[in-house]
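J.: A structural model of the following input is requested.
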Amino acid sequence: MRFKFLKTTCAILTMSMFMGSSVWAEDYYVTNQELSEKGNVTYTTGVTSEMSNASFWSERTYTDAKKVLMAPQEIDEINALALKTKATFMTDLEQEWESYDAEALKNVLAEKVIPSKALYIKGSKIDNASYFGNIKNQISETGYTGTRTVQYGICVKSTEIRDWPTNDIIGYDADDTDDEMQSSSLTVNDPFVVRQAVTIDGNLFYWGSSNHVDGWVDGEDIALCADRDEWLDAWKVKNGEKDFLVVTQDKIVLEPSIFTTYSSEVKLKFSTILKLVAKEDIPKNIGERNSWNNYVVYLPTRNEEGQYEKKMALISEHCDVHVGFLPMTQENLIKVSLNCLGNRYGWGGMLDSMDCSAYTRNVYRCFGFELPRNTTWQQLIPGTATDLTGMTEAEKQSFIETMPAGTLLYFKGHTMVYLGSVDHVGYVVSALGTASDSAGTLEILSIQSVAITPLTVRRRSGNTWLMDLQSAVAFAVPQPEEIETETTTETTTEQIDRQLEPSRITKIKAKKKSLKIFWKKVKGISGYKIQISTNKNFKKAKTIKAKKKAQTKLVKGLKKKKLYYVRIRTYKVKKSKNKVITYYSDWSKCRRKKTK
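T.: Okay, the predicted model is just below:
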């Protein structure tokens, strides 16, 4: 078996980040994998065909899977935070752009350092100085000059954002499958602010800004709007409104047409957003077709002069789309996260595919979020990330079991969407390059797909993904139950059952005005009750309920630097002669901890 190892860094403009490595293998054969009942679909050890169904995971969420986690205005606040955080490198495209010195910008772009590493095109090594020197000369000769104002562009076709204005696929060796000049991508109707234009070997390229990265795009894929108002009308939508459509499946290919060639077989990728045509504005026919059983949307097009024109197009009713952004529930997060299973991995969005961070961006975009480009920047939105580096594997697993489905998990260079846990093993879905099965010999396989994996799969180092987890990003964390106040006196419908297995508190972590409580999980119960009090006799104690799947609880709203006493017990609810009886175990041994 012959392997090829890819580089671990890639420049995004002047920034770089570690994105892992890839391995390709000839004579690949399936080992340590489970054959499914769906013909010959294979899965890694521990994954079953049932896990590809959203309902499998929705039934295992530790809180209500249908409960809305965040309102539209709360999502807007997260987006605003991301834009204001410099380390995310996001661009507020709606800012009032001032005029700029196009000559100075052209010179900066033309003076970009030529890559020093060996580079290959179609398997042949290139002369870097000659290849990139030619590009630099043409930037200098054909770029915009003088003082200019920005041009407002709309993407009319899935396109790449690149570090250099070239459409050649450039690799670090003859077999490199990644396009090392690719930075990110745009999809249909995405906005792009143009600040430079050059002609390279007869091909037009624009340089400018998307909301998540700057770079070069193929000019044929961008239509220029007449003014800012026309541009905003093309793409700007409001969370909570119902005047636009979101593509929630992996891709939609519009129906072929002889008369509306502008929409014929146009590809709309995952999370594409298009404005809906008002019912009163829908004509009798669009091209040769009436609109029965179709959504009618405005599709951006580019005329012969390169200008934007919006035209009407039909999207079949059976396609997985949503009017407005999806409500942010665990159930919806799971469904959307599984919509690309088996699709290929694509570095930076090449081949109309997604890498791990583009995949998570698109999942969350369906709910109205706009996340940063890469794994490092996504973790820097204030108040969303929990550092896991100081935890043991058991502590990491216990922690993620308290997190909602859809939580983003990270280790260096990779991000995953948490689905849930089975028998205290966490499962995720991600667009991944390589991994080794959990069982058997450490053999790095080229997955290059969106796949479900347990956190027990291994990396080249031999470490499991769980071992290397560094952080978890969650924008909203539902609590299993609200805190309620009760006394310790038993009622006639509550009985102590000495046979009911008790639990015990394993650890308490002190936080500012709060305590995080960890306990031993018990099977065959209905749930837990935790009591917390400033009195060791638990007078006027607060009682907190936790569901049977939980193993941790963060108790907020406590007094600063105050000593608290904590205990836990299990309970089981049974019906007897039309009366509900709650049976309790004995209380655990009391633990105490002072808040920060």
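J.: Contacts for stretch 422-430 next, please.
T.: 46-47, 51, 57, 60, 337-338, 341, 356, 359-360, 397, 400-401, 409, 414-421, 450-456, 465-466, 521 (C-beta atoms under 8 Å, 6 or more residues apart in numbering). In this view, the C-beta of every residue, glycine as well, is placed from N, C-alpha and C.
J.: Filter these down to the ones in strands?
T.: 409, 414-421, 450-454 (DSSP state E).
J.: on that earlier part again, of the contacts of stretch 422-430, just the buried ones, ChimeraX syntax please.
T.: Buried members of the contacts of stretch 422-430, defined by 16 or more other C-beta atoms under 10 Å, are picked up in ChimeraX with:
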select :46,47,51,57,60,337,338,356,359,360,397,400,401,409,414,415,416,417,418,419,420,421,450,451,452,453,454,455,456,465,466,521
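J.: what secondary structure does the residue nearest to residue 236 when sequence neighbours are not counted sit in?
T.: The shortest distance from residue 236 to any non-neighbouring residue, by C-beta to C-beta, 6 or more residues apart in numbering, is to residue 94 (7.7 Å). Assigned by DSSP: H, G, I helix; E, B strand; the rest coil, the conformation of residue 94 is coil.
J.: Pull the number of nearby residues for residue 94.
T.: Counted with other C-beta atoms under 10 Å, residues neighbouring residue 94 total 14.
J.: Quick check, it in contact with residue 235.
T.: No - the pair residue 94 / residue 235 is not scored as a contact, 10.4 Å apart, by C-beta atoms under 8 Å.
J.: Can you tell me the centre-most residue of the protein?
T.: The chain has residue 360 as the residue nearest its centroid, 1.6 Å off, counting by C-alpha atoms, centre = their mean.
J.: Tell me which residues touch that residue, please.
T.: Here residue 360 is in contact with 371, 378, 408, 415, 417, 430 (C-beta under 8 Å, 6+ apart).
J.: List the beta-bridge partners for the last one.
T.: Partner residues in beta bridges with residue 430, using DSSP bridges, are residue 451.
J.: what packs against the strand or helix carrying residue 138?
T.: For residue 138, the enclosing helix or strand under DSSP states H and E is helix 128-142. Applying 3 or more C-beta pairs under 8 Å, 6 or more residues apart in numbering; DSSP states H and E, one finds that helix 128-142 makes contact with helix 102-110, strand 191-200.
J.: okay, now residue 145: neighbour count?
T.: With other C-beta under 10 Å as criterion, residue 145 counts 12.
J.: check contacts around it.
T.: Residue 145 touches 102, 103, 106, counting by C-beta under 8 Å, 6+ apart.
J.: Which pLDDT does the model give the first one?
T.: As predicted, residue 102 sits at a pLDDT of 97.
J.: ok, back up a step: return the most buried member of the helices and strands packed on helix 128-142.
T.: strand 191-200 (a mean of 21; mean count of other C-beta atoms under 10 Å).
J.: Give me the distance from that one to the chain's centre.
T.: Put simply, strand 191-200 sits 28 Å off its chain's centre (C-alpha atoms, centre = their mean, to the nearest Å).
J.: Strand partners (parallel or antiparallel) of that strand?
T.: strand 151-155 (antiparallel), strand 203-209 (antiparallel).
J.: So what angle separates the directions of it and helix 128-142?
T.: 110 degrees (axes from the mean of the first three to the mean of the last three C-alpha atoms, to 10 degrees).
J.: What ranges does the stretch 401-550 of the chain have for its strands?
T.: 408-411, 414-422, 425-435, 445-454, 471-473, 483-485, 494-496, 505-511, 514-519, 527-533, 542-547 (DSSP state E, counting those that start in this stretch).
J.: and if you look at the stretch 151-300 of the chain?
T.: 151-155, 159-162, 170-171, 182-186, 191-200, 203-209, 214-218, 222-224, 244-247, 251-253, 267-269, 273-275, 294-302.
J.: how about the ones you listed, which one is nearest residue 592?
T.: Nearest of those to residue 592, taken as C-beta to C-beta: strand 244-247 at 50.1 Å.
J.: which residues are in contact with that closest one?
T.: 237, 268-276, 295, 297, 315, 319-326, 365-366.
J.: Quick one: buried ones out of those residues?
T.: 237, 268-276, 295, 297, 315, 319, 321-322, 324-326, 365-366.
J.: Wait, a helix at residue 364?
T.: Yes - Residue 364 sits within a helix when classified using three-state DSSP.
J.: so it makes contact with residue 371?
T.: Yes - the pair residue 364 and residue 371 passes the contact test of C-beta under 8 Å, sitting 5.5 Å apart.
J.: Show me which of those two is the more surrounded one.
T.: Just comparing residue 364 and residue 371: by other C-beta under 10 Å the higher neighbour count belongs to residue 371, 28 against 25.
J.: gap between the residue nearest to that one when sequence neighbours are not counted and residue 439?
T.: Closest residue to residue 371 apart from its sequence neighbours, by C-beta to C-beta, 6+ apart: residue 361 at 4.7 Å. Per C-beta to C-beta, to the nearest Å, residue 361 is found 32 Å from residue 439.
J.: Show me which of the two is the more surrounded one.
T.: Neighbours were counted for residue 361 and for residue 439 using other C-beta under 10 Å; residue 361 has more, 24 against 14.
J.: Please give me every residue in contact with the more buried one.
T.: Contacts of residue 361 (C-beta under 8 Å, 6+ apart): 212, 271, 370, 371, 372, 373, 378.
J.: Angles on the backbone of residue 347, please.
T.: phi -60, psi 120 (degrees, to the nearest 10).
J.: Quick check, it in contact with residue 355.
T.: Yes - contact criterion C-beta under 8 Å: residue 347 and residue 355 qualify, at 5.2 Å.
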